[in-house]
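Asker: build me a structure from this.
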Amino acid sequence: MSEILVTGATGNVGRQVALRLLAAGNGVRALVRDPGSAVVPTGATAVGGDLSAPDTLEEALTGAEAVFLIWPFLTAERAPAVLEKIAGHVRRVVYVSSSGVREDAERQTDPINQLHADIERLTEKSGPEWTVLRADTLASNALGWAEQIRTTHVVRGPDIAATAVVHEGDVAAVAARALTEDGHAGARHILTGPRVLSRTEQVETIGEAIGSPARFEKVPVEAARQQMLADGRPPALVEALLGSAATRPASQLITSTVEEITGAPARTFRAWAEEHADDFR
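Answerer: Numbering: from 1, shown residues only. Prediction:
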């Protein structure tokens, strides 16, 4: 039985990864800051550690064979030290990146994709066998609209180029394969959903799923900035998100990678919305 360390195991993607690994009979260690209070998937072992403090990772990594890595910061400053620690213990790393990363670009179009490109390069040079999952917009990002839909049925915010929104469960399914199977070393898997959707279409689909119409209303960037700051989001995150919204180019990219690796077609955003309807009611 493999022992796999999962970062972000209490989040939308990491939790799904942990559940799939556990279902397949693997041992899962969920990296959390406070093992005593963290709620991790049943069967996983909560282990203490903090990616912002690489020296705290030793115990969590000892005996692990692979790491599922989600980078939770807006800078790559600590990544070299973290990856050095990881390289001293495991033979395989799977990193979740963005489908917006362009290998032929000296600099990426927005700060979030630039961060992912930087972490990709560091991961590739770190030593262990690596796989990069370049995921399109995650469907679970729409959960950030839940309060607005519940209270006003209107989502107000900056618009962003349409993309093939991917179900986080499909990203997790590919990650579980890459963590436990051979044949993924050095691969950059681009993961998308089956259809390109605008924010307007996503919000309308959620409205259909809950049986109550909802709509998207684009607001000026400065108004969005003030609202996001008022909501308590860190200023650096606000600027990164707005920079992404303003500069990310439109994409018609749709891949069949999810089906090729898992044997099941990528799920639609409508299916995701129906699964999560209660979160928006």
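
Asker: checking my notes, His189 in a strand, right?
Answerer: Yes - when classified by DSSP: H, G, I helix; E, B strand; the rest coil, His189 is found to be part of a strand.

Asker: please renumber so the chain begins at 708
Answerer: That works, and once the first residue is 708, the last one we named lands at His896.

Asker: shouldn't Gly900 be in contact with Thr975?
Answerer: Yes - using Cβ atoms under 8 Å, Gly900 is in contact with Thr975, at 6.6 Å. (Each C-beta comes from the backbone N, C-alpha and C, glycine too.)

Asker: now list whatever residues contact both of these two.
Answerer: In the contact map built from Cβ atoms under 8 Å, 6 or more residues apart in numbering, the residues linked to both Gly900 and Thr975 are His874.

Asker: please identify which of the two sits among more neighbours.
Answerer: In terms of neighbours (other Cβ atoms under 10 Å), Gly900 is the more surrounded of Gly900 and Thr975; the figures are 27 against 17.

Asker: read off the pLDDT value for that one.
Answerer: As summarised for this prediction, Gly900 has a pLDDT of 98.

Asker: now Glu908. Nearest residue, chain neighbours left out?
Answerer: Residue nearest to Glu908 in three dimensions, not counting chain neighbours: Ala869, with 7.6 Å by Cβ to Cβ, 6 or more residues apart in numbering.

Asker: ramachandran angles for the one you found?
Answerer: The main-chain torsion angles of Ala869 are listed as degrees, to the nearest 10 and equal phi -60, psi 140.

Asker: which residues touch it?
Answerer: Val903, Leu904, Ser905, Arg906, Glu908, Ala957, Ser958.

Asker: now with 6 Å, please.
Answerer: Counting by Cβ atoms under 6 Å, 6 or more residues apart in numbering, Ala869 touches Val903, Leu904, Ser905.

Asker: now those residues in JSON lines, with neighbour count?
Answerer: Rendered in JSON lines, the data for the contacts of Ala869 read as follows (neighbours: other Cβ atoms under 10 Å):
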{"residue": "Val903", "neighbour count": "18"}
{"residue": "Leu904", "neighbour count": "21"}
{"residue": "Ser905", "neighbour count": "16"}
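
Asker: ok, so of these, who is nearest Gly755?
Answerer: Closest to Gly755 out of the contacts of Ala869 is Leu904 (39.2 Å), distances taken as Cβ to Cβ.

Asker: and the closest one, how far is that from Ala871?
Answerer: Taking Cβ to Cβ, to the nearest Å as the measure, Leu904 and Ala871 are separated by 7 Å.

Asker: with Ser951 instead?
Answerer: Applying Cβ to Cβ, the value for Ser951 to Ala871 is 16 Å.

Asker: how about Pro865?
Answerer: When distances are taken as Cβ to Cβ, Pro865 and Ala871 turn out to be 20 Å apart.

Asker: try Ala882
Answerer: Going from Ala882 to Ala871 by Cβ to Cβ gives 18 Å.

Asker: who has more neighbours, those two?
Answerer: For Ala882 and Ala871, the more surrounded residue by other Cβ under 10 Å is Ala882, and the numbers stand at 30 against 22.

Asker: is the residue lying closest to that one once chain neighbours are set aside within a helix or a strand, and which one?
Answerer: Closest residue to Ala882 in three dimensions, ignoring its sequence neighbours and counting by Cβ to Cβ, 6+ apart: Val724, at 4.9 Å. Element membership for Val724, per DSSP states H and E: helix 719-730.

Asker: count the neighbours of the closest residue in space to Trp979 that isn't next to it in sequence for me.
Answerer: By the measure of Cβ to Cβ, 6+ apart, the closest residue to Trp979 outside its immediate chain neighbours is Ala846, 4.2 Å from it. Burial of Ala846, expressed as a neighbour count using other Cβ under 10 Å, amounts to 26.

Asker: ok, now Asp741?
Answerer: A count of nearby residues for Asp741, using other Cβ under 10 Å, gives 9.

Asker: so what's the closest residue to it other than its chain neighbours bridging to?
Answerer: With sequence-adjacent residues excluded and distances taken as Cβ to Cβ, 6+ apart, Asp741 is closest to Gly755, at 7.2 Å. Note on Gly755: beta-bridge partners Val739, judged by DSSP bridges.
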